[in-house]
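1. Turn this into a structure:
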Amino acid sequence: MRAELQEKSSIITGLQKDNETLQSSVKALSQRLNLAEQNMRESNLEINGVPDHKTENFSTILTQIAKTVDCRIGDEDIYHVTRVAKLNKDSDRPRMVIAKLRSPRHRDAMLAAVAKFNKSNPKEKLSTQHLGMAGPSKPVFVSEHLPPAIKSLHAAARIKAKKEDYKFVWVRNGRVFLRRNEYSPAILIRNIECLDSITSSQHRS
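-> Predicted coordinates for the structure are as follows:
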């Protein structure tokens, strides 16, 4: 019986090591996949809040946004614009618009211009009214086109920030950051494990 127990214990130990190796491999592959997806989207913009219209012209919508926020983006800088299917078919929100621009530099210029416009016009941030659309004014959001894994991490970071009293959460080039206040250092959030280590007592100035 002792020999049998030792044999089973050895088998269990071996299986545990194999499991740890497999988990490490899956984690590494997931990170590589996320990086590949992000690289494929590095010139893309995600636009939310634009109502669906049968006769809509996506390039016109994007150039109107650029004109509103004073960003020099022309038709020649827009490679492709389209709507994508909803993840939640029951949602009443309009389908998001994905735009692929000439380069990451053009994408960053548009993001910076939108952020500057909204900061300068806190009571009249970018909306459907600026796009000349009829009906009640509704907010329009322009952001990086993130892979699903990074979107989930960003959502988790926002929840954590609210819970632990962190003032700033943002995404830059597919990476999620937290900052407790204006005087604290930025914290790069690589994964959920990073969030687990964040507490309200950390990084106080």
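2. Every contact and neighbour count from this point should use C-alpha atoms.
-> Noted.
3. Verify the stated contact: residue 171 with residue 177.
-> Yes - Residue 171 lies in contact with residue 177 (Cα atoms under 8 Å); the separation is 6.2 Å.
4. Residue 152: how many residues sit nearby?
-> By the measure other Cα atoms under 10 Å, the count of residues near residue 152 is 13.
5. That one should be in a strand, yeah?
-> No - Residue 152: not assigned to a strand; according to DSSP: H, G, I helix; E, B strand; the rest coil it is helix.
6. State the distance from residue 9 to residue 19.
-> 15 Å (Cα to Cα, to the nearest Å).
7. Now do the longest helix seen in the chain, average pLDDT.
-> Selection of the longest helix in the chain by residue count, based on DSSP state H, yields helix 2-40. Averaged across helix 2-40, pLDDT comes to 80.
8. Which neighbouring elements make contact with that helix?
-> Helices and strands touching helix 2-40, as assessed by 3 or more Cα pairs under 8 Å, 6 or more residues apart in numbering; DSSP states H and E, are absent.
9. Show the subsequent helix or strand relative to that helix.
-> strand 44-48 (DSSP states H and E).
10. Give me the helices and strands touching the very next helix or strand once past that following strand, please.
-> Proceeding N to C from strand 44-48, the next assigned helix or strand is helix 58-68, under DSSP H and E. On a contact count with 3+ Cα pairs under 8 Å, 6+ apart, helix 58-68 meets strand 78-83.
11. Residues contacting the strand it packs on, please?
-> 58-59, 95-102 (Cα atoms under 8 Å, 6 or more residues apart in numbering).
12. Which among these count as buried?
-> 58-59, 95-102 (16 or more other Cα atoms under 10 Å).
13. which regions of this structure lie under the pLDDT threshold?
-> 31, 34-35, 200-205 (pLDDT under 70).
14. Kindly recompute the last result at 80.
-> 24-39, 54-55, 86-91, 199-205 (pLDDT under 80).
15. neighbours around the residue lying closest to residue 100 once chain neighbours are set aside, how many?
-> With Cα to Cα, 6 or more residues apart in numbering as the criterion, residue 100 has its nearest non-adjacent residue at 4.4 Å, and that residue is residue 44. Using other Cα under 10 Å, residue 44 has 27 other residues around it.
16. can you check residue 38 too?
-> For residue 38, the count of nearby residues is 21 (other Cα under 10 Å).
17. And residue 71, by the same measure?
-> Neighbour tally, residue 71, other Cα under 10 Å: 18.
18. CA atoms only for the helix or strand hosting residue 119, dumped as PDB, please.
-> Assigned by DSSP H and E, residue 119 falls within helix 104-120. Output of helix 104-120 as PDB, limited to C-alpha atoms (Å, rounded to 0.1, in the frame of the first residue of the first chain):
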ATOM      1  CA  PRO A 104      -1.000  55.200 -36.200                       C
ATOM      2  CA  ARG A 105       0.200  58.800 -36.400                       C
ATOM      3  CA  HIS A 106      -3.100  59.800 -38.000                       C
ATOM      4  CA  ARG A 107      -5.100  57.800 -35.500                       C
ATOM      5  CA  ASP A 108      -3.200  59.500 -32.600                       C
ATOM      6  CA  ALA A 109      -3.700  62.900 -34.100                       C
ATOM      7  CA  MET A 110      -7.500  62.300 -34.200                       C
ATOM      8  CA  LEU A 111      -7.600  61.000 -30.600                       C
ATOM      9  CA  ALA A 112      -5.600  64.000 -29.300                       C
ATOM     10  CA  ALA A 113      -7.900  66.400 -31.200                       C
ATOM     11  CA  VAL A 114     -11.100  64.900 -29.900                       C
ATOM     12  CA  ALA A 115      -9.700  64.900 -26.300                       C
ATOM     13  CA  LYS A 116      -8.600  68.500 -26.600                       C
ATOM     14  CA  PHE A 117     -12.000  69.500 -28.100                       C
ATOM     15  CA  ASN A 118     -14.000  67.800 -25.300                       C
ATOM     16  CA  LYS A 119     -11.700  69.300 -22.600                       C
ATOM     17  CA  SER A 120     -12.200  72.800 -24.100                       C
END
